[in-house]
Structure formats: C-alpha cells, structure tokens
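In: only the shape, not the letters, is given here:
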C-alpha cells in the first residue's frame, strides 16, 4: 500500500447542490491529516489540461451554503480515449498527486475506474448527482435539494391549478429513474405519478384523470418523470389533446427543467456532503481504492465503483402504492 | 348617485399572488363601512351561474399570505355575449348587489366596463396580474412576486451555468411587455435581455454573445420575454444552433413558465393589495365607477377603465441601458 | 381483538410542520379502508370538551404543504387527572370512536398510554415534534423543516458576521437534545457547537474562540442549543463579556426561537408524514395498540409507547467530531 | 471642477442586502466610463489603514445575488477624530483617488460630509440600510429584503399562533423608525402594530388585545418595532404578564433580531441598488458632491447629505389606519 501524502479532488458531470460542501469537507479533512490538497478544475478536462489549483482551509471558506461547484465541471471527450487518460495520469504524477477524491455520478465513476486500473492511481468516489440513481447510497448529494426545489415550484403551480380547476402535467428530472418524480408526487400532493420504472397504459391514465376530475370538479396534478416512456409531459399532453373527452378540460404542461439543479443545498445535503467528504479521505488513508463512499442506514459504507455503475438502485414500491391511497 | 349597501367582489383572468390579500382588504373595508359583502366565485362564469357566497371577516382570515385566489377564476365565453352579461346583471340584482370590486387585468376590465355601461352597475377595478402591463398604476398586484420567483429560479440556473461555462437562454413571462424580463435581467445579472418592445437583429445578438463568451470564457445568461419577436428562448436557441460559430458553445434553454404565477406574495404585493382593496371600496362609496384604483408615486389614483385597457404602459428605457452597462 | 370501524385522530403538544400531511394521510388511508374518521380539535382538551369534527377526503385537501395543524393543539391540565381522562373516554365512546391516531411527542404519548391502559382504547402514535428526540424513529415529523429553517436564518446571519468580522452566538431549539444544534452547526458552517449532551468548560470555549479569531481574523459562528448547560446564547454571551480578552471582539447573540417551529414542510417531512399516517392506520387494523410508528433505516417500525418516552435517543457522536474537523 | 479619473468605493455601517449589487454597478459604470476603481475594505477603518484593493469587472462577478458586503464594513472610532480623517485623506491621495462613492446610512454620510468639507474630496452617497429611515429616497437598499425576511418569519410564527390560539408579540428591527414594523404588520396580517412614531397607552393595548381575543377566540399577532417607547416585545410582555386579565392567555414573544439583516437581496433591492450605483458615478462625473442619490417617484434624485441626516423621513399614516381596518 502506497503512503498517501497529496490528494487531488474534482467535481465532474452535472453539478449538484452540496458538491461545494463536499469539497470543503474533503479539503479540510485532508489538511487535518497533514496531506497536501490540489483542486482539479473542470473535471477530467482540467486533469488533461493541467488546470490545477492548490487548496488551503481558506479556499473552501463560505461555500458550504452555495450551489454549483467552485471547481467547475465539464464533459471531456478526450478522457474517453486511452491517450487522454494517460495524459491526465502524467499530469497528476507531475504534480505529485498520489490519490483522488472524485465527486460526481455514473460517468464520473466509470472514468475514475479506468484511470485507477490503467494507471494505478488510488481513487475514492463521492456520489454527487441530483438524480439519486446510484447504487450503494441511500441518498446522493444534491437529491434532497432538487426534491425541495421541485416541490416549491409544484406548490406554486398548484395555486394556479386550484384557482382555475385546471389539469396540470408537471415534468420533473429523472431520465432513467423515478426517485424525484415519486417523492415530488407524494410531497406535492399530486393525484398521479408517472415514472420510467413502471409501464402505464395511456387509456388507464385517461380514465383515472377523467374520474378524478369529474368526481371532484377540481384541479388535478400529474407529476411525470422526464424519462417516462409516454414521452414526458409533452407526450402525454399531446395524447390528451387528441382525445375529445378532454376537450372541456383546461390542460397545461410545465417542465421544471434546469431550475431543479442549482440553488443553496438543504440541511440534509450539507450534512450528507460533509460526512461523505470526511469518509472519502479516511477511506483513502485506510488503503481503499476504486470504491464509492455512500450513506446506508445512517452509516458510511464502501461499494466497489463497478457495482455503483453496473447495478440499478430500486425505487421503493411502497411509495408508489402511497400515491394511490393519498390521491 | 345610488346609495351603496351591498358590494360583490370577484377575481378574474390569470391568478396573481396578492389577489387574496386584496380580497381580504376589500371585504374587511366594506364590513367596516357597514356594507354587506358577497363573493362571486369563478369570475364572470360564477356571475352568470349564480355562484355567490356571503363573506364575513372570518371568510378572509389567514389568506393574506396565500397565492392563487380563494374565489377561483375562470374564462367565460358566455359573458362576451350581451345575453350572458344580462344574465349576470340579473343575478347581481336578485342578490341585492349594488356595486362591484373587480380584481384582475385587461380582459376583466373590458368585461366590467360593458357590464357598467349596459346595466348601470357601479364598478371599480383593482389591477391584479403578474405582467405589470396595466396603464394607471406603477405596479400591479402579483408583479413583484413573479419577479422574485423568476429571479430565484435564475439564481439557481446561474449556479449550473457557472459550473459548466454554459450559455443559458431563460424565457420569462411577458407576451406583450418586457417588464418582468427587464427587471429579471438586471436583478438576475443577465448579460443580455430581449423584450417585445425593442426590435433586435439576430446577427447583433450572435455577435454580442460570442464577444462576451470569448472575452471572458465563462457562462452567459440571456433573459428573453416569451413575447419577444425572435420567438422566445426556443426560437433563439434554434437560430444559434444553426450557426456553426456556436458549435463549441454549450447551450441550453429554460422556460420558467407557470412556476412564475403562484406562490406566497411578497411584502410589497401584500401591502399594495391591501391598500388597493381599501381604495376600491372607498372609491365606490365616493360615487366613482368605471375606474381602476392604482398606485402612482406612492399615492392611490383613479384611472378610467377605458384608459387602462386602451393605453399602453411604457417600460423604463433607462433600465434597458442599464443592462448594457452592467453586463 | 376488537374490530375497528371508526378512528379518531388528533394533534397535541407543540405544533410541527408535517402534522397536516400526516393528518391527510391518516384520514385518507382510513377512508380507503372504509373506516369512519373523526378529527378531535385541540388535542386532549378537545377530547374532554367533545370538540369533534367529521373528516372526509375534502377536509384534508390542500394541506400537505401547510405548517401548523388544522386540528389545532393545546395543553390540557384536566387530562392529567383520572377524572379528565374518564370524561375523554366517555366522549370517544359516545361518538363511536374505536381507536385513535395520536400525532405528537413525548407528553402526547404519555397521555395516550394512560388512556389506553385505563379505558382500553386502541391507540397508535405518530412522532410529530421538531426536536427529533423520540426513541423509535430516525427522524420525527417536523425536524427536517426546523433544521432547514434554522440553517436559512444562520446563512443570513453569516452574511452580517462576515461583513463585520464578528463573533455570533446563535441559539437554536433543543431543551434536552442537541440534534438541531449539531446538524445546524455542520450545515451552517459553524466553528463551534454546544449541546446539552456534552459538558463543556467555559475556559475551553474561550480559548477555542480566541484561537479561531486570531488565526483567521474573521467571523466566527457558535451554535448553541437552548438547553446547553452554560445557559444558552445569553449565558455564554454574559460570560464572554465579563472576560477582558473579549473586549476587542465584536460579539452578538441571536435566538432563533419560534421562527423554527412553523412554515411549509420540506419534501422529506411531507413524505415521512405521509408514510407514517398510512402505517399508523395499518397498525391499528392489524391489532396493534400502545405503540408508535417510526421510520428506522428506511422501514416503518413499531415501538411500544413506554419505550418511546422512557428511553433516550442518542445523538451521533461522529457528527460532533465532524464539527471539529470542518471548523 | 476637478476632472475625475479614479474613484474609490466603500460600504460602511450595518450591512444591508443589495450593497454588493450596488458595488457591482458602481464598479462597472465607472469602468465603462474609463475610470479607475479602487475598493476600500472595512469602510473608514480601511481608509485609515490603507486597506485598498483594485477593482475590475471580474472582481464584482457573481455578487448581485449575495447578502452582506464583499468589501466588509466596520465602525471606526479614529475616523471621528480630525487626525483620523486627515490620515484617511492622505491615503486616498497617495493612491490617486479623486472621488468617492459611499454606500451606507446616516453615520456613513456624516463621516463623508466631514471628509468632503475638510479635505475637498468629492463624494456621493448611496442609501444602504435596512431601516429605510433616510430622507431623500423612497426606499433604501436592503429595506425590501429585510421586510420580506421578517414577513417570512412572521408567517412561520403565525402557524404556531394559530395552532395554539396564542398571543404572539413579534419584535422587528427599527430603533427610531416604524417602516419595517408597519409594513410587516400589514403584510403579516398582524392585529396590532406598535411603532416609535406614535405614543400608545398600555391600557389601550390591553383592552384592544382582550377584545380581539375574546371576540374571536383565536390567535393574535402584535408586531412591535424594537424602538417602541413601551420597551419592545419584552417590555410589553412583562406588562401583560403582570395583569391578571392576561392569566388565561397563552402569550409568547419572538425577537427577529439579526435574521432580518442578511440574505440574498430581493428583485426590488437588486434593481434599486443597480440603478443607484450608476446614478452615483454619473453624479460624480457631472460634478456633484456632498449629495446622496435616491429614488423618488421612480426617478433618481440628488439630496444634499446634510439634509439626509438632519431631516426625518415620515412614515405613511394611511398605513397606520390600514392596520385598524384590516385587523
């Protein structure tokens, strides 16, 4: 086992609120352990372009409450090539960096795994993505904030839906996973939730909406994950508009989109990010590599990176049942 | 002049935060003047369908802080016909209602004017619309809240824009007017603002964006009013994507849409709404009709309804200049 | 086992955000199981005074997002007497209520236990309190919201602390428990956290603050639980002011107090409250009584009420260590 | 008239949200006019200690949305002496600074006036204080944000007040002026508002509260300015507790305190701050000095500094009447 004296830290992939809190925690834990710390700007792109910056305690002052990432993020085509990764590894070695903390999601970890395997650089990942679709942790950094932001916007839309007895289709983030949609649906008091994990017949949806709206003569909110197989809010809107039974229904779509990604992190994301930053550095010091630190049942846990990106985290089907009871 | 003993109050058109605070103020001012008060549900539709509810002090308790409208709103095709308005007038008289307070926008006031002219019912309007495009008042009820909601969402998007050095086109409400876009642009720190009131050449926009992005190598935010002649955010996005100079620029659109409409009203909207509710009742008691109460330079002012919907309120061109200095 | 056909539900003790979401879920789950549901207003006081209201699906519409409790809460001296509880039991029987769902904290559950033991009324509790100090659940309803509200206010105070290089003592809720203080401290980026669970020497605190402030010549934030043995923020402020070493330090206290208690519940509190409401009704239907439903490691779990109020839930000492690494 | 080529800018006195937006606007306007710009840290203290920093467009990037002040603020005893001001003037001259933009309140402007008179340095002030008590402007920078923050916290407290039918005394900022209290009272739906500008008899207050609470048997909120002659919330609480008529009333106080000062500025404060920053630089370039730029009836206006701090801005007595109608 190599003796670690200098770690590099970077954020990569889509930004998520709490990435800065995780950076802060990683940097300060490393410094408390007498390690040197280098920040790598713009993820793998910066690693290839030697865009490095030395970090001290002050570099991460006053960022626990900020969204985005002070180290910035980017996608790198070059890093997907062997040559790109070799150049990155050279830069790391030239700067004396022994080990890495990678904050990001799926794609970030695939890259990290390859770098570790090809160049023997110790690496530990922290799950930073609003989608919560990573195996090996109950929650990812940024997920709780995205959920709260989405629910705030749903609350606002409900004011209008109620004022006009309107049907609203609200699309939230989630290309492959329904975590945000499901929890938004329950928390936002939606009458119906549509997620990629379940196949829903359009006829059933129509029937359910019509029955809800005729029974109550009032507003109805449907939360749709962007990755739902019916084509997100736009797809469903179009299908409903083509059906004459919906002619008298005042129908609108809203796509929350990028408003869900930024913003000051919630309490829960700040604490999670802070804990995982500590755990990542401690894992490196304990000789671990090619793993992600996650929080499972209130305790930090290590999961091999290949499991993180090859296994699928399952939604809680009890929650799906819940939306039916509550609507 | 008819002696007023019983007023009706309704909200109509798109809902706006502060409508409830205005209702509360109207009802309580009327009751303090020993008037009876009836709430008319769903605007002109409820007026035609006799959907009336008696209001006391408690009916408007605990609503000063809520978005939407407890009396609901609706569009009424029937009210656009003479027969529809005659039926509405009959219902008002059958219920003993002498005078009306109408909370809404342009369309609401056109309807109110006709009702007044054809059936002699005294009517005073309160400007309730998020668009701020009503002549006769410095601000409309709901505008300040919509502005703040939009800016909060722009702040969130800026986190992501900065993290990725991205170009973001953010579309805000404003079909005919650039008030929201202009103030959002300044308050949100946008580099460029596009509004319906000015004609902008696509070439100029492209040049400006490219020069901003190359000079700074960082994120750029363009705020676009939905009614901008270039086709809103989508229109501009398409034009930029077709230009090879933008091939290397990471470009996204976000349409804030209905998230801007609801939500708990701001301090300023609550106070404005409360003042205008008082002023509307007092105007009726003073014998005024066919007018809107507005706030101009800190004082309440009456403007004939026909001026409100026939004249155009001008944006402040100093603000437009400001966006250039600040970007 | 008695066959349950009619349940009563009430909120008691200090109000907590999410109590309404829990009510909504309890009522709708009961109705979905063809039970009758009665709401009991003002907790035990209403139970004694026969202040009952029938609940249907509409009674709990549009409350998932509201703070406080629509059934209100109260303290009842009379319920602490045998005679009082006998009167409450009579009222329940006279109204045909077979079983109860009690939403509240420690004191609520003590009362519920006595009612169950003396009068054989089936009762299941839901943990509703911002303090998170109940054994048998990872989080209580309202805790996550209180935490986020406190952190938002700490963020605001930090702006001022930073602007003036000031020392701020911020007191948060927590008479017997440091959960809020500890998590606020980490999430709010505090330099020091003082909680009832640990004994701290005033001399050590002084030394730590002086060393932090001289090292950095900048602002310092100390988060204090109201129940800390040094007398909360005021107690510490006084001690520091009496020490001449603090003469040159610009020192202020802020007591967050009741601002932490209300407000729209967070996503997490809404989902937790919704799940526990379902679980409480299902527990009653399964024949359970004298238990609380909690959420432990992501699953609902029943705990005898006597354990809830006799055992102490422990804070996570890892978090305490974290505050030292991060400051 | 001296030809201005280099301006200095500083923030002083209590921090206020929007100060950073004003800095940003001042710096960018000056740069657009080909002036050099120096930031003076920690107000007059930094001026005396030569704590200067050069400003370019990037120094004020990404701060339009932040509370506090990046230039920091401080109180300076030494600047109150002639010797102190002489030293400050020397530093300014040594650094080639011809003119100053001062962002702050009363005390800041008194100091600025003396510096101008004793050392002939051109100076224009921008009103930055949450109290809104400056003559010469309809609103000060930070006031709208403070109002909204206070109202958000009042909304939260109302949840609890309603849940328990409680009487709440809420103290808001305002040592000499009732602007915040009055507008918070109206916007927060308070039943009673107590401000320094009016003398209120304790007996009248008691009578009013008792009549409100007995009539409605529900919660009552009293908003008190900290400078009210009855001793703020604590003073009134004590007086009520000593009166046996209040024995049965559940009574609490909450002091909002420093939570009102920081936080991200509202739309209105950002736009106001941006406009005044431009106006201040333009006023200097036009040869003005010893004046404050304010916004009066939607237009920028210059007022001699001595008028700003010698005249008292009056509250709007119509608003006081409004609180009685609405409660």
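Out: Done, it's in. Since the model is a prediction, treat every value here as computed from it, not as a measurement.
In: is the longest helix seen in chain A up against chain D anywhere?
Out: Counting residues, the longest helix found in chain A (DSSP state H) is helix A:143-164. No. Using C-beta under 8 Å from any C-beta of the partner chain, helix A:143-164 stays clear of chain D, coming no nearer than 13.0 Å. Every residue, glycine included, has its C-beta placed from N, CA and C.
In: so chain A: which segments form each domain?
Out: Chain A breaks down into these domains under automatic domain parsing: A:6-142+A:265-310, A:143-261.
In: sorry, back to before: does the longest helix of chain A come close to chain B?
Out: Yes. Using C-beta under 8 Å from any C-beta, helix A:143-164 reaches chain B at A:149, A:153, A:155-160, A:162-164.
In: can you put the domains of chain A in CSV and add mean neighbour count and mean pLDDT?
Out: Compiled in CSV, the domains of chain A are given as follows (neighbours: other C-beta atoms under 10 Å in any protein chain shown; pLDDT from 0 to 100):
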stretch, mean neighbour count, mean pLDDT
domain A:6-142+A:265-310, 22, 97
domain A:143-261, 21, 94
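In: the ones you listed: which one's closest to residue D:101?
Out: When the domains of chain A are compared by C-beta to C-beta, domain A:6-142+A:265-310 sits nearest residue D:101, at 25.0 Å.
In: does residue A:252 belong to a helix, a strand or coil?
Out: strand (DSSP: H, G, I helix; E, B strand; the rest coil).
In: excluding sequence neighbours, find me the nearest residue to it.
Out: With sequence-adjacent residues excluded and distances taken as C-beta to C-beta, 6 or more residues apart in numbering or on different chains, residue A:252 is closest to residue A:168, at 5.4 Å.
In: the helix or strand encompassing the one you found: what's the following helix or strand?
Out: Following DSSP states H and E, one finds residue A:168 within strand A:167-172. Going down the chain from strand A:167-172, the next helix or strand is helix A:179-187, by DSSP H and E.
In: could you confirm whether that next one reaches chain C?
Out: Yes. Applying C-beta under 8 Å from any C-beta, one finds helix A:179-187 in contact with chain C at A:183-184, A:186-187.
In: what angle separates that helix from helix A:143-164?
Out: Per axes from the mean of the first three to the mean of the last three C-alpha atoms, to 10 degrees, the angle that helix A:179-187 makes with helix A:143-164 is 50 degrees.
In: which bits of the stretch 1-150 of chain A sit near chain B?
Out: Taking C-beta under 8 Å from any C-beta, the part of the stretch 1-150 of chain A that reaches chain B is made up of A:11, A:14-15, A:17, A:66-69, A:72-74, A:149.
In: farthest pair in these?
Out: Pairwise distances across those (C-beta to C-beta) peak at 23.4 Å, for the pair A:74 and A:149.
In: ok, which pair from the residues of helix A:143-164 next to chain B is furthest apart?
Out: Counting by C-beta to C-beta, the most remote pair of the residues of helix A:143-164 next to chain B is A:149 and A:164, 23.9 Å apart.
In: and what about residue A:23, helix, strand or coil?
Out: helix.
In: assign the residue of chain A found nearest chain D to helix, strand or coil.
Out: Relative to chain D, the nearest point of chain A is residue A:264 (8.5 Å; C-beta to the nearest C-beta). Judged by three-state DSSP, the three-state class of residue A:264 is coil.
In: need phi/psi at the nearest residue to it once chain neighbours are set aside.
Out: Excluding its sequence neighbours, the residue lying closest to residue A:264 (C-beta to C-beta, 6+ apart) is residue A:65, at 5.2 Å. The phi/psi pair for residue A:65 (degrees, to the nearest 10) reads phi -100, psi 0.
In: so who does residue A:65 touch?
Out: A:264-265, A:270, C:151, C:155, C:158, C:188-189 (C-beta atoms under 8 Å, 6 or more residues apart in numbering or on different chains).
In: those: which two are farthest apart?
Out: A:265 and C:158 (14.4 Å).
In: take the residues of helix A:143-164 next to chain B and write them to a markdown table, including distance to residue D:291.
Out: Formatted as a markdown table, the residues of helix A:143-164 next to chain B follow (distance: C-beta to C-beta, whole Å):
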| residue | distance to residue D:291 |
| --- | --- |
| A:149 | 43 |
| A:153 | 44 |
| A:155 | 45 |
| A:156 | 42 |
| A:157 | 47 |
| A:158 | 49 |
| A:159 | 44 |
| A:160 | 46 |
| A:162 | 50 |
| A:163 | 47 |
| A:164 | 50 |
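In: what's the closest of these to chain C?
Out: Distances from chain C to those, taken by C-beta to the nearest C-beta, are shortest for residue A:155, at 5.1 Å.
In: list the contacts for the closest one?
Out: Residue A:155 touches A:188, B:262-263, C:65, C:264, counting by C-beta under 8 Å, 6+ apart.
In: check residue A:130 too.
Out: Neighbouring residues of residue A:130 by C-beta under 8 Å, 6+ apart: A:14, A:16-17, A:140, A:142-143, A:145-146, A:173, A:180, A:260-261.
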